[in-house]
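# For reference, the sequence and a predicted model appear below.
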Amino acid sequence: MSGRGWNVLRCSACNTCHGHRGTGNSCPHCGQKMGKNPTVVCTVQSAADLRIEVALANTPEELRDSLRKRLVKNEQLFQSDDQVSFTGLPQILQRAADEDGVFTVKQLQPVLQKSGQSLDVQDLIDIAESQGLLVRLDTNRWQVLE
Ligand SMILES: [Zn+2]
């Protein structure tokens, strides 16, 4: 997979950020169309950077500095985060994805069920997206960020 940069976009309707290659999609959180001129919070060159920037963008400003330090130091931070208390989230996503790291809801559903999590597929995707673990490719395809 190669890309010319990744954008962190902020939805004007729900104010949540998500990662995207390019622009011009709907918000994964509230469904609002991003429009022709979405708010690009920043552009980064790698998927790993994107993950950090999305997580930071969704964090209250006063907490960002300490979060950034922890993120840069410890990539596993996501596992200690509040409502996703299970550590298997990245593994579930990886298992559902093909060799390019891409998956659809249909692929994710059985993997999630087998994992024994009570989460809805859509909830799982929302959480993973807001943590910067995923980037949406189109309406029904996501790419797992390493
Ligand atoms: Zn939104």
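Great, that's in hand. Numbering: from 1, shown residues only.
# which helices and strands does the longest helix along the chain pack with?
If you go by DSSP state H, the chain has its longest helix at helix 61-73. Contact here means 3 or more CB pairs under 8 Å, 6 or more residues apart in numbering; DSSP states H and E; on that basis helix 61-73 packs against helix 47-57. The C-beta positions use only the backbone N, C-alpha and C, and glycine is treated the same way.
# the inter-axis angle of the helix it packs on versus helix 61-73?
With axes from the mean of the first three to the mean of the last three CA atoms, to 10 degrees defining the directions, helix 47-57 sits at 160 degrees from helix 61-73.
# what helix or strand does residue 142 sit in?
Taking DSSP states H and E as the definition, one finds residue 142 inside strand 141-144.
# helices and strands around the helix or strand following the longest helix of the chain, which ones?
Sequence-wise, the next helix or strand downstream of helix 61-73 (DSSP H and E) is helix 89-96. Applying 3+ CB pairs under 8 Å, 6+ apart, one finds that helix 89-96 contacts helix 105-115, helix 121-130, strand 141-144.
# Can you give me the buried ones in stretch 35-55?
When burial is assessed from 16 or more other CB atoms under 10 Å, stretch 35-55 yields the following buried residues: 38, 41-42, 44, 47, 49-55.
# Please state the offset of that stretch from the chain centre?
Using CA atoms, centre = their mean, to the nearest Å, the mean C-alpha position of stretch 35-55 is found 10 Å from that of the whole chain.
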